[in-house]
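K.L.:
All I have is the shape, not the residue letters:
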Ligand SMILES: C[C@H](CCC[C@@H](C)[C@H]1CC[C@H]2[C@@H]3[C@H](O)C[C@@H]4C[C@H](O)CC[C@]4(C)[C@H]3C[C@H](O)[C@]12C)C(=O)SCCNC(=O)CCNC(=O)[C@H](O)C(C)(C)COP(=O)(O)OP(=O)(O)OC[C@H]1O[C@@H](n2cnc3c(N)ncnc32)[C@H](O)[C@@H]1OP(=O)(O)O
């Protein structure tokens, strides 16, 4: 796999950093998640392929353990509020002094500087400060956050993973590590570059929800079908729009022009009436195999059995029978091989990992007795 041999220490976080760690693990990195002690349940639902060690970082011994892990690793990924790692004595200065090759990735909402740097926040706040949230939502309605996909995952976890891979690539030339300041505000804004830069061609001149790609246009929207399901329509180009009209059995000569903004609400009603006259399956049959850019809106229960997804094996099932998306993109020679085992329990691999990183069994036992580390597998054996 592409990242085979890369060792990553991931400090346990809420959602974006776990996703970043999962991407690295999917593509072959050895990812060790550092959990807190005295925690019964892992909040990391993105733990595929990771190992877990539980260390109490509020003890000097715990800090020393983490340092020793980081000295032998390529990447440390931390998801805490600015200043938390420094308070623990685990800031970049300390860790890079001991391991100058270390890539120190800091994934936060607001970044490591600026007046919001130490403020708590979540996806919706970062999206708001990026400017993007102001553009999301239907006409005459308040802004709407599309799940926590944009800041947490696209602008956060994924962008941070890109930063880590770039730093690993650069390190092959310089031999040096570096610090990555991944701000979800900036990552989200960057993901939104198209919106920013396509203002120059008038793409966003109209209020929220009245533009071509933000649910303003009748040919770029979803429509309810007679069975209460939905179809997605993305017939932008004239040749595809003609096919949409053909499928809907509408005559272009009797309709307003496709690009007549003022007629879009009327055209939307006409399309909505048509879509409401047949079931999703009937519309799928009509549009499948055409270039009308019309597809059924599938539920999570339906996606893996849709012929296209099934043919590409786009979804995988883990040992617990839970489905999830296959890692993307697909590399021809060194594709990802996602682990299918159940997610690790907190501290499941403490003993195994510490021994692998050179800790003596007697020292491990001592730290275990003192509550510096915890290991469930270890407990079972004792
Ligand atoms: C929208 C998403 C968030 C969705 C997440 C949800 C899936 C989950 C959120 C709440 C969960 C529920 C809840 O916990 C209650 C139940 C718990 C139960 O166990 C399970 C069910 C629950 C219902 C549970 C279910 C779900 O999991 C939830 C619903 C996001 O937007 S995520 C993005 C968030 N933002 C960031 O990540 C940006 C960077 N981080 C931060 O800004 C802050 O970390 C943050 C997120 C604001 C949290 O601030 P907080 O004050 O809590 O922490 P920090 O200031 O960062 O400090 C961390 C302290 O912890 C110490 N520490 C860390 N590791 C260790 C260790 N190994 N040992 C000892 N101590 C450790 C560290 O030293 C810090 O201590 P100090 O405060 O003393 O400095």
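P.N.:
Here it is on my side, so go on. Because the structure is predicted, anything quoted here is derived from the model rather than measured. Numbers count the residues shown, from 1 in each chain.

K.L.:
which SS state does residue 302 fall under?
P.N.:
Assigned by DSSP: H, G, I helix; E, B strand; the rest coil, the conformation of residue 302 is helix.

K.L.:
residues contacting the nearest residue to residue 334 once chain neighbours are set aside?
P.N.:
Of all residues not flanking residue 334 in the chain, residue 2 sits nearest, at 4.7 Å (Cβ to Cβ, 6 or more residues apart in numbering). All C-beta spots, glycine's among them, are computed from the backbone N, C-alpha and C. Listed by Cβ atoms under 8 Å, 6 or more residues apart in numbering, the contact set of residue 2 reads 27-28, 331, 334, 336.

K.L.:
can you give me phi and psi for residue 2?
P.N.:
Note on residue 2: its backbone torsions stand at phi -60, psi -40 [degrees, to the nearest 10].

K.L.:
Please report the distance of it from residue 31.
P.N.:
According to Cβ to Cβ, to the nearest Å, residue 2 and residue 31 sit 14 Å apart.

K.L.:
Which positions in the protein make contact with the ligand?
P.N.:
Residues of the chain lying close to the ligand (Cβ under 6 Å from any ligand atom) are 11, 13-16, 34, 36, 41, 43, 55-58, 79-81, 84, 87-88, 108-109, 120-123, 148, 152.

K.L.:
Narrow these to those that are buried.
P.N.:
Using 16 or more other Cβ atoms under 10 Å as the burial test, those include 11, 13-16, 34, 36, 55-57, 79-80, 84, 88, 108-109, 121, 123, 148, 152 as buried.

K.L.:
Out of the residues you listed, which sit inside strands?
P.N.:
Counting by DSSP state E, the part of these found in strands is 11, 34, 55, 108.

K.L.:
can you pull the contacts of residue 110?
P.N.:
82, 116-117, 119, 121, 126, 129, 183-185.

K.L.:
Just flag the most distant two among these.
P.N.:
Greatest spatial distance among the contacts of residue 110 (Cβ to Cβ): 82 and 129, at 15.1 Å.

K.L.:
among the contacts of residue 2, which two are most distant?
P.N.:
Between any two of the contacts of residue 2 (Cβ to Cβ), the greatest distance is 10.2 Å, for 28 and 331.

K.L.:
ok, those two, which is more surrounded?
P.N.:
Taking neighbours as other Cβ atoms under 10 Å, residue 28 and residue 331 compare with residue 28 leading, 18 against 12.

K.L.:
how close does that one sit to the ligand?
P.N.:
Residue 28 sits 25 Å away from the ligand, going by Cβ to the nearest ligand atom, to the nearest Å.
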